[in-house]
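Visitor: Build me a structure from this.
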Amino acid sequence: MLYVLRSAYLTLHFLLVCFITMLVSVLRPRHLNNTTQCARLMCWSLPVLRIRSIRNNDCPVKRNEQAIYVVNHQYTLDVFTCSTMLPDHIAILGKSSLRYVPVFGLAFWLAGNIFINRRNKTKAWDTMAEVARIVKRRGCSVYIFPEGTRSRGKGLQPFKSGAFALAIESGLPIVPIVFSSTHKNINLSRWDGGVVMGEYLDPIPTTGLTEADVKPLAELTHARMQAALTRLDNTLQGI
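Guide: Now for the predicted structure:
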């Protein structure tokens with residue numbers, strides 16, 4: 001019963017934030033902080049769910065500097081837990097099918113986020129080159145889930161190449177953000193919902209890299225994020 005009530009609450013909270021985002025985005029179109037400031041409202045639900053959020057450090061990139069932020073993607077609950085550590089001046093990179101999600105798709109687009117078509121793999125580099133031009137023109141950073149889909153308790157999944165092609169094409173550093181495992185540390189059926197711990201990792205420079213370096217860059221980032229994920233889960237076991 002508690003799980004059902006909390007799920008209903010999260011749905012209403014999510015829709016409310018989407019409507020607020022649409023209103024704010026209409027009043028200040030394409031503002032660099034529409035996404036960050038509105039999405040941060042999502043984490044207001046965590047105290048209601050009795051989920052404790054622990055942030056290990058601050059963003060290693062200055063507010064006026066650009067980067068490509070890559071984040072592990074676990075469940076729909078990420079919308080609420082990941083918002084605790086959203087950097088400023090970001091555009092979220094999302095698959096084109098998200099535009100058809102009622103309410104959310106419109107709010108996502110109005111806030112200035114970017115849709116991409118991931119189906120045409122032969123044009124993947126051209127797609128990221130176009131995104132890189134958009135990012136440079138806007139002066140924003142990019143926030144992306146490199147696994148491409150939710151892992152649903154299966155651990156950190158292999159990374160798609162898009163985030164790393166974008167980083168190399170734009171010349172921006174990769175900044176990993178890692179959150180502890182939801183399936184191990186959060187349970188909405190319990191009165192105490194659990195704990196989420198997040199951490200920024202050191203930036204990974206991409207200066208001088210080429211298209212041939214996409215896969216090694218993805219593998220390096222994956223290895224660092226996997227190590228951090230294991231460390232965070234082990235830390236929470238001792239709390």
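
Visitor: where in the chain is pLDDT low?
Guide: Along the chain, the model assigns pLDDT under 70 to residues 118-124.

Visitor: and if we set it to 50?
Guide: Across the chain, nothing is flagged by pLDDT under 50.

Visitor: residue ranges of the strands in it, please?
Guide: For the chain, the strands defined by DSSP state E occupy 51-55, 68-71, 90-95, 114-116, 141-144, 174-179, 194-200.

Visitor: and the third one, which strands flank it?
Guide: The sheet places strand 90-95 alongside strand 114-116 (parallel), strand 141-144 (parallel), with pairing taken from DSSP bridges.

Visitor: which residues touch the shortest one?
Guide: Outside strand 114-116, the residues that touch it by CB atoms under 8 Å, 6 or more residues apart in numbering are 91-96, 98-99, 108-109, 127, 131, 134, 142, 162. No exception for glycine: its C-beta is placed from N, CA and C like everyone else's.

Visitor: May I ask which of these has the most neighbours?
Guide: Greatest neighbour count in these, by other CB atoms under 10 Å, goes to V142: 25 neighbours.

Visitor: pretty sure C82 contacts V71?
Guide: Yes - if you go by CB atoms under 8 Å, C82 and V71 touch, sitting 6.0 Å apart.

Visitor: Mind listing the shared neighbours of these two?
Guide: By CB under 8 Å, 6+ apart, C82 and V71 have these common neighbours: 177, 179.

Visitor: can you give me the helices in this protein?
Guide: For the chain, the helices defined by DSSP state H occupy 2-27, 34-39, 45-48, 78-81, 104-110, 124-138, 162-170, 182-185, 214-237.

Visitor: Output the contacting helices and strands for the fourth one.
Guide: By that I understand helix 78-81. For helix 78-81, the packing partners by 3 or more CB pairs under 8 Å, 6 or more residues apart in numbering; DSSP states H and E come out as helix 2-27, helix 45-48.

Visitor: ok, now the second one?
Guide: Under the contact criterion of 3+ CB pairs under 8 Å, 6+ apart, helix 34-39 touches helix 2-27, strand 90-95.

Visitor: in the sheet, who's paired with R52?
Guide: V195.

Visitor: Give the burial count for it, as a bare number.
Guide: 16.

Visitor: check contacts around it.
Guide: When the contact criterion is CB under 8 Å, 6+ apart, the partners of R52 are 46, 194-196.

Visitor: rewinding a little: which among the helices and strands packed on helix 78-81 is found nearest to K215?
Guide: Nearest of these to K215, taken as CB to CB: helix 2-27 at 35.4 Å.

Visitor: buried sites along that closest one?
Guide: Under the neighbour-count criterion of 16 or more other CB atoms under 10 Å, helix 2-27 has 6, 10, 13-14, 17-18, 21-22, 24-25 buried.

Visitor: Give me the angle between it and strand 51-55.
Guide: Between helix 2-27 and strand 51-55, the angle comes out at 50 degrees (axes from the mean of the first three to the mean of the last three CA atoms, to 10 degrees).
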